[in-house]
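Visitor: Any chance you could fold what I've pasted below:
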Amino acid sequence: MRWNREQYLDLMTFGHAPRPMFTELFGPLVGLDAEWRAQGASEAEINMSAFDWDFVPYAFCGGITHLFGPPPRVLEDNAERRLELDCLGREMLLLKKTATIPLPQNFPVQTMDDWLRVKPFFTFRPERINWDEVAAARRAQQEGALVVAHMPGAFDTPRDLMGEEIACLAYYEQPELMADILATITDTTMRVLEPISEKLHIDQLMVHEDFAGKSGPMVGPNQIKEYFEPYYLKVWDLVRSRGARVFEQDTDGNINPVIPALLDCGLTSIYPMEPAAGMDIAELRRLYGKRLAMRGGIDKHVLRKDRDAIRRELEHKLIPELMSGGCVFGLDHRIPNGTPIEHYRYYVALGREMLGLPPLDPSRTGWARMAM
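Guide: Predicted coordinates for the structure are as follows:
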């Protein structure tokens with residue numbers, strides 16, 4: 001079912017949503033399509049449209065707040081891999097048979113001098129705003145689309161520049177460097193979103209961090225307080241004062257130790273809430289109530305087990321406290337390889353039944369990726 005922006009915003013702000021939302025956030029991992037074809041899945045099942053997942057269409061606001069420079073130069077491209085050199089001098093490698101996102105093979109920044117060399121790619125330029133895209137977003141919004149603005153991550157940006165180890169150490173060993181990076185992306189984000197938000201109603205602010213693993217976050221409450229909070233609040237206060245209603249962070253891993261600090265930064269929603277990393281959306285709702293909306297949270301790994309495991313997971317997660325609002329039910333990341341199509345069909349059918357949704361109707365199809 002296609003939702004409109006008002007329905008979605010009401011759901012994510014604990015308003016009067018029409019019903020619970022059941023969705024597929026990310027879709028299958030690379031290679032699962034071949035497995036499902038061998039098991040007799042239809043092409044409509046493989047492309048997700050057969051499952052009539054809930055989704056809200058979204059439009060980007062037309063402003064680039066992240067790295068801004070010339071396109072990468074292709075060094076190698078074959079059936080196995082694609083290697084590119086980006087404007088920062090990073091070699092970006094995509095292994096086509098196992099991944100969809102290229103990973104940096106080297107990092108350009110270790111010192112302040114290194115940062116000053118690449119800093120122009122992060123500073124404001126008028127070309128960062130595409131006014132034709134702003135106008136297109138305004139038209140899409142009038143047709144029910146959610147307008148989304150992005151801001152660079154407070155940890156994601158230094159990590160992309162330095163790698164995780166040096167970025168973590170820089171909080172202690174090079175605080176002036178970290179402060180200048182944050183000051184730069186704050187200034188750029190504000191100068192992009194301030195004029196856009198005068199002309200366009202931004203509905204949702206998004207920030208990508210991915211700053212945690214199974215054992216916990218790579219950034220603690222003190223760093224969040226010092227570096228994240230001033231930046232997050234400055235940008236959020238701007239767009240919220242002009243009508244934005246949702247401020248969402250994308251991060252994997254176990255972030256339980258820092259959720260209170262993140263909420264102090266103004267966040268209203270977090271996804272995808274990985275159970276394998278200790279994130280339990282039922283427990284989080286009991287702890288934080290309406291302070292925290294969530295998307296995802298259903299353990300993708302149970303789909304490779306059996307029907308009893310799938311039922312237990314859904315019975316634990318699809319509870320009245322979460323059905324009442326502030327939660328988009330879905331798998332916590334891509335559908336893993338090794339998931340039988342019969343298990344996936346069962347998961348969809350049982351979830352719909354437990355949420356009070358009608359059975360699938362072959363005449364009603366559609367899907368749009370809900371991971372932003």
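
Visitor: Would you agree Gly351 is in contact with Leu318?
Guide: Yes: at 6.9 Å, Gly351 and Leu318 qualify as touching, with contact defined as C-beta atoms under 8 Å. In short, each C-beta sits where N, CA and C put it, glycine included.

Visitor: Name the residues contacting each of those two.
Guide: Jointly contacting Gly351 and Leu318 under the rule C-beta atoms under 8 Å, 6 or more residues apart in numbering are Phe329.

Visitor: Near Trp36, how many other residues are there?
Guide: A count of neighbours around Trp36, defined by other C-beta atoms under 10 Å, yields 20.

Visitor: Kindly report the same for the one 10 residues further on.
Guide: Look at Ile46: counted by other C-beta under 10 Å, it has 18 neighbours.

Visitor: thinking it is in contact with Arg37, fair?
Guide: Yes: using C-beta under 8 Å, Ile46 is in contact with Arg37, at 6.7 Å.

Visitor: low pLDDT regions in the stretch 201-350 of the chain?
Guide: For the stretch 201-350 of the chain, no stretch is flagged by pLDDT under 70.

Visitor: What segments of it are strands?
Guide: For the stretch 201-350 of the chain, the strands defined by DSSP state E, counting those that start in this stretch cover 204-208, 212-213, 216-217, 246-251, 269-272, 293-298, 327-331.

Visitor: which residue sits closest to Ala244, ignoring its sequence neighbours?
Guide: Ile202 (4.9 Å; C-beta to C-beta, 6 or more residues apart in numbering).

Visitor: Contacts only, for the one you found.
Guide: So Ile202 contacts 61, 147-149, 193, 196, 239, 242-244 (C-beta under 8 Å, 6+ apart).

Visitor: Distance-wise, check it relative to Thr188.
Guide: According to C-beta to C-beta, to the nearest Å, Ile202 and Thr188 sit 16 Å apart.

Visitor: Any idea how many residues pack against Arg81?
Guide: 14.

Visitor: typo on my end, Met1
Guide: 17.

Visitor: That one reaches Phe51, doesn't it?
Guide: No: Met1 lies out of contact with Phe51 (C-beta under 8 Å); the separation is 11.0 Å.

Visitor: Overlap in contacts, these two.
Guide: Among the neighbours of Met1, none is also in contact with Phe51 (C-beta under 8 Å, 6+ apart).

Visitor: got the contact list for the nearest residue to Arg82 once chain neighbours are set aside?
Guide: Excluding its sequence neighbours, the residue lying closest to Arg82 (C-beta to C-beta, 6+ apart) is Leu94, at 4.4 Å. Listed by C-beta under 8 Å, 6+ apart, the contact set of Leu94 reads 81-84, 100-103.
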